Every structure is written in structure tokens, then in C-alpha cells.
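A.B. asks: coords please:
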Amino acid sequence: GSRLELQYFRWRWMPKGLKVVRVDIDPTEMVRLKPDVGLVTESAAGVRALIDELKGLPVRSSRQAELAKLKADATEALTSVQPQEGYLRVIRDVLPRDGFFVEEVSQVGFTARMCFPVYAARHYVTCGYQDNLGFGFNTALGVKIANPDKAVVSVSGDGGFMFGVQELATAKQFGIAVVAIVFNNQAYGNVRRDQQTVYGNRLLGADLENPDFVALAKSFGVMAMRADSPEELRGKLAEALDANEPVVIEVSIPRGSDSSPWPFIHPAPLS
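C.D. replies: Sure thing, here's the model as predicted:
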């Protein structure tokens, strides 16, 4: 069911001799991006059939240790994406295991796709490939309505949050207890980085003039607070979840200071 978008369209290299076996219920997907072997089937039925075919074949030695090392190495490498990884680690620590995490296109949102452990199906809510600004907070309100007894945290950048900031009125009016964490780096971070690295630092429309998000939230009658470090966020997020009401937490990030997660999303060519 994967579009294989990153692998086919974005990777700058493909491992030599790589074979792609694709399972998808839609036969047209096999034409759009042709795999070595295409299995047109519903995923559960396809996996059961594959397991049945493997019965009786020799069992190769376990690769558990090898995979554990790869996972540990990747986790260590991802700690370089700061301050996003540090804040996400705190959110994961504080958010209950059955809580819902809602992200959108932002520096923290992109990093979360690699750095935020998920313990249950459908508890990580994402705009996926669409990457539309304004998805996060607005969607989180619906997630909370559908799961009133579960904790719901949304993460947004300042630019994305401003697309739906008026829905603070909805959250207040109907008591929708979403905790919205707004990472304010005073910019459309991806646009700004591309303008710096690809277009000779010619900045156009990337820097933002934002309101004081704490004061803005309070003007809606919504509880609001500020956290300027991961450890400050730890305490503020716990307090916000305990409040069981709509809360905005503004996290200030100096403009241009956040590390890029893209080297992990779009790998550079092998030398």
C-alpha cells in the first residue's frame, strides 16, 4: 500500500541489486512504479498466502542482533536533529502510551516521522504526503472529539498554526481539551532553508511576524504557557494534560537555528 514515493522519486541512490516486491490492492500502482514482483491483493490475505508458501523452507539464522544494532545506530544519528529530537523525546515521555500525537508539516513534524515512537495503530495522526499547513491543530480537535477519554497533543510550527488559529474559539466553546504545542521559529522553516542553500540566501516571504501566542490564546479564554527548553516543556506538558481543557504551549526557537531533518529523509549519494 505504500506509494514508494521517497524510494523511487527522492532517493539519490538505490542499493545495488535491490529487488522490490510490492503488495497493493490497486493494480494500476504496479504500472505507475513497476516493481520486480507485483502482488495485487488485500494485504492481510497476501501476507497469509506468503507465510503459507514459506512453510517448510529452510530457516536462516536470526538477524535480530544485526537489526538491533542498525536501530541503535539510527537512533544515535537522529539525536543530531536538534532541538526537535529533544523536544519530541520529552513529548513521548509525558504523553500516555495510548495518547494521540497529531503532527503537520513543520520542522518538528518532519522530525517526528523518524523520532517519535508509536505504540498503537492510528495513534500517530499525520497529513502524510499532502504536507498541508494548518492540518495539525484542526485535525487534533476532531481526534479529541472521537477519543474524549484519551490525551491528544498536536505539534505545529508558527506558520501552520496561524492557518487555523481561529479554531481556538471552537476549542474553548466546546471544551475540546487538545494540547497544542506551537514551535515558533518566526519563519516557514523549510522555505527559508531552501532559499538559503539553493537560491543564494535570497530570502522572500519566508520570515514571519507572529503574535505572542500565549497572549493570543489567553485572549480566546484558553489556558496558555511558554516553554523554552525540553525540560521546561516536560513540566508544562504534564500540567497541561492534567488540566483537561484546551491549552496552548508556545516553544520559542531562534530563527534559523533548528537542524535540518532532510538528510535523513532524502539520503545523499553514496561516495
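A.B. asks: In contact with Thr111, which residues?
C.D. replies: 78, 81, 84-85, 88, 261 (C-beta atoms under 8 Å, 6 or more residues apart in numbering). Every C-beta, even on glycine, is put in place using the N, C-alpha and C of the backbone.
A.B. asks: Kindly reformat those residues as TSV containing neighbour count.
C.D. replies: Formatted as TSV, the contacts of Thr111 follow (neighbours: other C-beta atoms under 10 Å):
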residue	neighbour count
Leu78	17
Val81	23
Gln84	25
Glu85	22
Leu88	24
Pro261	23
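A.B. asks: Adding distance to Val251, secondary structure and pLDDT, write the residues you listed out as a markdown table.
C.D. replies: Formatted as a markdown table, those follow (distance: C-beta to C-beta, whole Å; DSSP: H, G, I helix; E, B strand; the rest coil; pLDDT from 0 to 100):
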| residue | distance to Val251 | secondary structure | pLDDT |
| --- | --- | --- | --- |
| Leu78 | 19 | helix | 95 |
| Val81 | 15 | coil | 96 |
| Gln84 | 10 | helix | 97 |
| Glu85 | 14 | helix | 97 |
| Leu88 | 11 | helix | 98 |
| Pro261 | 17 | coil | 91 |
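A.B. asks: Which two of those residues have the greatest separation?
C.D. replies: Leu88 and Pro261 (10.7 Å; C-beta to C-beta).
A.B. asks: which residues touch the helix or strand hosting Ile51?
C.D. replies: Counting by DSSP states H and E, the element that carries Ile51 is helix 43-54. For helix 43-54, contacts defined as C-beta under 8 Å, 6+ apart pick out 1, 23, 25, 39, 41.
A.B. asks: Does the last one touch Val23 like I think?
C.D. replies: Okay, so that is Thr41. Yes - Thr41 is within contact range of Val23, at 6.4 Å (criterion: C-beta atoms under 8 Å).
A.B. asks: more neighbours, those two?
C.D. replies: When Thr41 and Val23 are compared for neighbours, Val23 comes out ahead with 19 against 15, by other C-beta atoms under 10 Å.
A.B. asks: that's a helix at the more buried one, yeah?
C.D. replies: No - using DSSP: H, G, I helix; E, B strand; the rest coil, the assignment for Val23 is strand, not a helix.
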